[in-house]
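1. give me a model of this one.
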Amino acid sequence: MVAKELRQGGFSAQELKDVGIAPTELKSAGYTCNEMKAVGFNCLELGSAGFSALALKASGFLPNDLKAAGLKASTAFSLEELWEADFPCKDLKEEGYTAKELKAVGYDVSRLRAAGINAKELKLVRFTTAELRDGGCTAKELKQTGAFQVPDLREGGYTVAELKADGFSPTDMKSGGYTMVEIRKGGLAASELRAAGFTATELRLGTFPAKEVKAVGYILSELKNGGFSVADLKTVDYSAAELKGTGFTMIELKNGGFTPLELKEAGSTVQEMRECGYKTRMLRSVGFTPEELKDVGCPVKEMRLAGFSVSELYDVGYSAHDLKLGGFSIREFKDMGLSVQIMKGVGFQASELEDVGFTALELKDGGFSCSELVALSFLPEELKLIGYTAKELHGGGLTAKELKEGGFTLDDLKAIGIPAYKLRTL
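-> As a prediction, this is how the structure comes out:
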């Protein structure tokens, strides 16, 4: 008996299935898709029996069930339903859906790429550069489409490291708007940038230290023109002389950490160093002579405080008057061997000279008057011994008694006009 007759005779689909009647016969006998599914036939068996995709869908089969049965799920399910069922994007593409349609229902870049849709197609359906990057598109892929320039890649978040890995040159990155700091952080070495024609200025802006920049062949003038400071260049063993020869000023060298001695050894003049603010004491300590310091106008007071002696300064032409005004003491003048005449000429008083040990004779020979010597503590006999006459000493202020005590006779006193009545009282 055929399946149709058995069905009419009241046999169920399960009974007929159990005796091995094929799904095609059961369908021909009038059993519905639901009835056959209910007794255990799967989607492949039912599809092979001739049930349509819509009938299978109506019986509760899912898109992936239809796919497994070799049927086009898109004939029964809408694209939205297929998206909700997490239907493979690749299969949808094979069933004829476009990238635009797939994007519209929510498929992202990574799934569309997995389905074989290339970067150019993804660009056409208006995915942003950032979305393409997040979805796994490499910078190289985007460049090969011809639709992306390096500025687009930078805006989309591609890093220098990613561009470098994909074969972009340092020049590409620079023209694309990447900063020098970004280029350095991206792993590009100073040697690569030099080979690509980057200037020392650009490397400095990229925070490359002077040591690295020098090491790849940039010369001192390039480093200076590139904005590296004296302090930067000092760390890479350039001398003060080299930096001075390249045009750095004395102030820059000083502020860059060079010592006064290094500046002097670099050929700096005393005038240059004085203009930089170095004091006389410091200039002396690095070896400038008193004469050199005098020639640039160092005042006596500074020279004295710097440790120069009065004789050193007198020997290079400072006047005794300047030395006195500069604070040197009368004792220092005497110890130097200056004459009383010179010391008198700069204003030292006879009493000051006596205090430091000058004799009456030295004071007399130095031009001090008899009266000035009489006013001091010298004894009359000392003044007589150095050649003063009774008349001179009397005129200078000694009394007749003092003259007599000093060794003058009464005849000497009478000869200078002292009255006899005064002499009688002596």
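2. can you give me the neighbour number for Lys17?
-> 17 (other Cβ atoms under 10 Å). (C-beta placed from N, C-alpha, C; glycine too.)
3. would you mark the buried spots in the helix or strand that it is a member of?
-> Assigned by DSSP states H and E, Lys17 belongs to helix 13-18. For helix 13-18, the buried set under the neighbour-count rule, 16 or more other Cβ atoms under 10 Å, comprises 13, 16-17.
4. do the same with stretch 398-412
-> 398, 400, 402-404, 406, 408, 412.
5. try stretch 171-191
-> 172-174, 176, 178, 180, 182-184, 186, 188, 190.
6. how about low-confidence regions in the stretch 101-250 of the chain?
-> For the stretch 101-250 of the chain, no stretch is flagged by pLDDT under 70.
7. try 90
-> Applying pLDDT under 90 to the stretch 101-250 of the chain flags residues 146-147.
8. how about Glu332, secondary structure?
-> helix (DSSP: H, G, I helix; E, B strand; the rest coil).
9. for it, which residues are in contact?
-> Residues in contact with Glu332 (Cβ atoms under 8 Å, 6 or more residues apart in numbering) are 309-310.
10. that older thread, mind listing which of the buried residues of stretch 171-191 are in helices?
-> Of the positions in the buried residues of stretch 171-191, 172-174, 180, 182-184, 190 sit in helices, assigned by DSSP state H.
11. and Phe41, what's its pLDDT?
-> We note a pLDDT of 94 for Phe41 in this prediction.
12. how much space between the residue lying closest to it once chain neighbours are set aside and Asp65?
-> Of all residues not flanking Phe41 in the chain, Pro23 sits nearest, at 5.5 Å (Cβ to Cβ, 6 or more residues apart in numbering). Here Pro23 is placed at a distance of 15 Å from Asp65 (Cβ to Cβ, to the nearest Å).
13. same question, Gly267
-> Applying Cβ to Cβ to Gly267 and Asp65 gives a distance of 93 Å.
14. and those two? which has more neighbours close in?
-> Taking neighbours as other Cβ under 10 Å, Gly267 and Asp65 compare with Asp65 leading, 20 against 11.
15. list the contacts of that one.
-> 42-43, 56.
16. dump these into TSV; add secondary structure, neighbour count and distance to Thr207 as well.
-> Listed next are these as TSV, based on DSSP: H, G, I helix; E, B strand; the rest coil; neighbours: other Cβ atoms under 10 Å; distance: Cβ to Cβ, whole Å:
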residue	secondary structure	neighbour count	distance to Thr207
Asn42	coil	15	67
Cys43	helix	25	64
Leu56	helix	23	66
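17. okay, stretch 418-426 in PDB with CA atoms only?
-> Extracted C-alpha coordinates of stretch 418-426, given in PDB (Å, rounded to 0.1, in the frame of the first residue of the first chain):
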ATOM      1  CA  ILE A 418     115.900 135.000  73.000                       C
ATOM      2  CA  PRO A 419     116.100 137.900  75.600                       C
ATOM      3  CA  ALA A 420     118.600 137.600  78.400                       C
ATOM      4  CA  TYR A 421     115.900 137.800  81.100                       C
ATOM      5  CA  LYS A 422     114.400 134.600  79.700                       C
ATOM      6  CA  LEU A 423     117.800 132.900  79.600                       C
ATOM      7  CA  ARG A 424     118.400 133.700  83.200                       C
ATOM      8  CA  THR A 425     115.400 131.700  84.200                       C
ATOM      9  CA  LEU A 426     116.500 128.500  82.400                       C
END
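18. and the helices in the stretch 301-426 of the chain?
-> 310-315, 320-325, 330-336, 340-345, 350-355, 360-365, 370-374, 380-385, 390-396, 400-405, 410-415, 420-424 (DSSP state H, counting those that start in this stretch).
19. with mean pLDDT and distance to Leu153 added, can I get these in JSON lines?
-> Below are the helices of the stretch 301-426 of the chain laid out as JSON lines (pLDDT from 0 to 100; distance: least, Cβ to Cβ, whole Å):
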{"stretch": "helix 310-315", "mean pLDDT": "96", "distance to Leu153": "74"}
{"stretch": "helix 320-325", "mean pLDDT": "96", "distance to Leu153": "76"}
{"stretch": "helix 330-336", "mean pLDDT": "96", "distance to Leu153": "81"}
{"stretch": "helix 340-345", "mean pLDDT": "96", "distance to Leu153": "88"}
{"stretch": "helix 350-355", "mean pLDDT": "97", "distance to Leu153": "90"}
{"stretch": "helix 360-365", "mean pLDDT": "97", "distance to Leu153": "97"}
{"stretch": "helix 370-374", "mean pLDDT": "97", "distance to Leu153": "100"}
{"stretch": "helix 380-385", "mean pLDDT": "96", "distance to Leu153": "107"}
{"stretch": "helix 390-396", "mean pLDDT": "96", "distance to Leu153": "108"}
{"stretch": "helix 400-405", "mean pLDDT": "94", "distance to Leu153": "114"}
{"stretch": "helix 410-415", "mean pLDDT": "92", "distance to Leu153": "122"}
{"stretch": "helix 420-424", "mean pLDDT": "84", "distance to Leu153": "125"}
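20. so for Gln144, which of those sits nearest?
-> Counting by Cβ to Cβ, Gln144 lies closest to helix 310-315 out of those; the figure is 82.6 Å.
21. give me every residue that touches Leu393.
-> 370, 374, 380, 383-384, 402-403, 406.
22. what about 6 Å?
-> Leu383 (Cβ atoms under 6 Å, 6 or more residues apart in numbering).
23. ok, Pro209 next?
-> By Cβ under 6 Å, 6+ apart, no residues touch Pro209.
24. from Phe358, how far out is it?
-> Per Cβ to Cβ, Pro209 is found 68 Å from Phe358.
25. likewise Ala161?
-> 89 Å.
26. about what we covered before: make a markdown table from the ones in helices among the buried residues of stretch 171-191 and add distance to Val213 to it.
-> A markdown table is the format used below for those (distance: Cβ to Cβ, whole Å):
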| residue | distance to Val213 |
| --- | --- |
| Asp172 | 22 |
| Met173 | 18 |
| Lys174 | 17 |
| Met180 | 12 |
| Glu182 | 18 |
| Ile183 | 14 |
| Arg184 | 11 |
| Ala190 | 6 |
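27. who are the neighbours in contact with the most centrally placed residue in the chain?
-> For the chain, the residue nearest the mean C-alpha position is Thr207 (7.5 Å; Cα atoms, centre = their mean). Taking Cβ under 6 Å, 6+ apart as the criterion, Thr207 is in contact with 181, 184.
28. what secondary structure does it sit in?
-> Thr207 - assigned by three-state DSSP - is coil.
29. ok, the closest residue to Glu202 other than its chain neighbours - contacts?
-> Nearest residue to Glu202, sequence neighbours excluded (Cβ to Cβ, 6+ apart): Met180, at 5.4 Å. When contacts are counted by Cβ under 6 Å, 6+ apart, Met180 touches 202, 205-206.
30. many thanks, I have nothing further to ask.
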